[in-house]
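Enquirer: Okay, sequence plus prediction incoming.
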Amino acid sequence: MTEIEDLRSLVEVVESGSFNRAATRLGVSKSIVSRRIARLEADLGVRLLRRTTRGVSPTEAGLEFKARSERILAELEEAREAIAQQENGVAGRLRLSVPLSFGVHHMGPVVADLARQHPRLEMDISYSDRIVDLIGEGFDAAVRIGRLRDSSLVARRIAPIRTILVASPDYLDRRGRPKTPGDLVAHDCLIYTGRAGADWHFRAGSRRISVRPGGRMRADSGDAIVQWALEGLGIAEVPTFIVAHHIDSGRLVPLLTDYALPEHGLYVVRPPGAYVPRKVRVLIDTLLAHFSEPSWDSCMMKSLSASRKG
């Protein structure tokens, strides 16, 4: 008789294209996955997978059975969640990917709220700026910042993400304060390498200005860039969520506040499909509760107000 774990194994093998990867995602041995697939094929009397030296691919029957298996598994998960909600909130395991700096600085209270409100919810969170493959690596969702690439993933915008130019008072005393974006070419700039494109982009009314920053300090870590700015090593373009407290304390000074920098977004992305697991829904609700009006942008509002008065 076909068992639920047999269906789950088939889905994982087809999605990952490998018995080894499927076994890792399921937390069992490769031999167990192989036995489950063999049992399915014997029960159905058809070949579901083609095995080659390059990997594993589904037959036509395998694709059809995988699609129906996914519906069965989704309905089972929905039924479990409905019962768990009646008993004691959300249950199960939430596997989530979050950006490194944002995760370290701001996800702690979100995770704590989820843990307190849903004591039966397990959380496995990856802190990295790497763009993970949600489906291939078995993630339920990811928090992402920036402009999203076209994909089949479903995205929900949570909050705006704004950037700001900053430098330490010590650096400005030594090197002077830039008055226009063009002045940056004469300054030491701290360059974040974890994004596409090397230019810094500004807007003044309808006019757009691009500057290629120069400097000897580069890093793929926003936190490292901020630390260098605090040490007086140069001018940095960084998101407000990572420097707001340094601006409020006076350790970093906003620059060129009359020129707008690009605005990005904070998103939750999830695999495609009409069914949204309740654990992902409560994640989205909790993020909206924390970040729909982000407190870290207050530093920018204060800077804009001060520059206009000046």
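Expert: Alright, I've got the coordinates.

Enquirer: and the longest helix anywhere in the chain, how far from the chain's centre?
Expert: In the chain, taking DSSP state H as the definition, the longest helix is helix 60-88. Helix 60-88 sits 26 Å away from the centroid of its parent chain (CA atoms, centre = their mean, to the nearest Å).

Enquirer: just checking, what packs against that helix?
Expert: helix 4-16, helix 30-44, strand 92-98, helix 278-291 (3 or more CB pairs under 8 Å, 6 or more residues apart in numbering; DSSP states H and E). For the C-beta atoms, the positions are set from N, CA and C on the backbone; glycine is no exception.

Enquirer: Name the residues of the shortest one that are buried.
Expert: This means strand 92-98. Buried positions in strand 92-98, judged by neighbour count with 16 or more other CB atoms under 10 Å: 92, 94, 95, 96, 97, 98.

Enquirer: Tabulate those residues (a markdown table), appending distance to residue 20 and pLDDT.
Expert: Output for these, formatted as a markdown table (distance: CB to CB, whole Å; pLDDT from 0 to 100):
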| residue | distance to residue 20 | pLDDT |
| --- | --- | --- |
| 92 | 25 | 81 |
| 94 | 24 | 92 |
| 95 | 19 | 93 |
| 96 | 24 | 95 |
| 97 | 22 | 95 |
| 98 | 27 | 95 |
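
Enquirer: What ranges does the stretch 101-250 of the chain have for its helices?
Expert: Remark: helices assigned in the stretch 101-250 of the chain by DSSP state H, counting those that start in this stretch are 134-137, 169-175, 222-230, 240-249.

Enquirer: And the contacts of the first one?
Expert: Judged by CB atoms under 8 Å, 6 or more residues apart in numbering, the contacts made with helix 134-137 from elsewhere in the structure are 15, 16, 21, 25, 97, 140, 141, 142, 153, 269, 270, 271.

Enquirer: Identify the residue nearest the second one in space, chain neighbours excluded?
Expert: Take residue 16 and drop its neighbours on the chain: the residue closest to it by CB to CB, 6 or more residues apart in numbering is residue 22, 5.0 Å away.

Enquirer: Could you check how far that neighbour is from residue 241?
Expert: 37 Å (CB to CB, to the nearest Å).

Enquirer: which one of those two has more residues nearby?
Expert: residue 22 (26 against 23; other CB atoms under 10 Å).

Enquirer: for the one helix or strand the more buried one maps to, which positions count as buried?
Expert: Element membership of residue 22, judged by DSSP states H and E, is helix 19-26. By 16+ other CB under 10 Å, the buried positions in helix 19-26 come out as 19, 21, 22, 23, 24, 25, 26.

Enquirer: next one: stretch 259-279
Expert: 259-261, 264, 266-271, 277-279.

Enquirer: Determine which two of the residues you listed are furthest apart.
Expert: 259 and 278 (44.1 Å; CB to CB).

Enquirer: before we move on, back to that, save the helices and strands packed on helix 60-88 as a markdown table, and put in distance to residue 50 too.
Expert: A markdown table is the format used below for the helices and strands packed on helix 60-88 (distance: least, CB to CB, whole Å):
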| stretch | distance to residue 50 |
| --- | --- |
| helix 4-16 | 11 |
| helix 30-44 | 12 |
| strand 92-98 | 29 |
| helix 278-291 | 33 |
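
Enquirer: Nearest to residue 230, out of those?
Expert: Here strand 92-98 is closest among the helices and strands packed on helix 60-88 (CB to CB), at 24.0 Å.

Enquirer: gap between the residue of the chain positioned farthest from its centre and residue 11?
Expert: Here the chain reaches farthest from its C-alpha mean at residue 45, the gap being 42.6 Å by CA atoms, centre = their mean. Per CB to CB, residue 45 is found 20 Å from residue 11.

Enquirer: ok, now residue 200?
Expert: With CB to CB as the criterion, residue 200 and residue 11 are 45 Å apart.

Enquirer: now do residue 212
Expert: Residue 212 is 48 Å from residue 11, by CB to CB.

Enquirer: Neighbour count for those two, which is higher?
Expert: Per other CB under 10 Å, whichever of residue 212 and residue 11 has more neighbours is residue 11, with 19 against 11.

Enquirer: got a list of what residue 17 touches?
Expert: 55, 56, 57.
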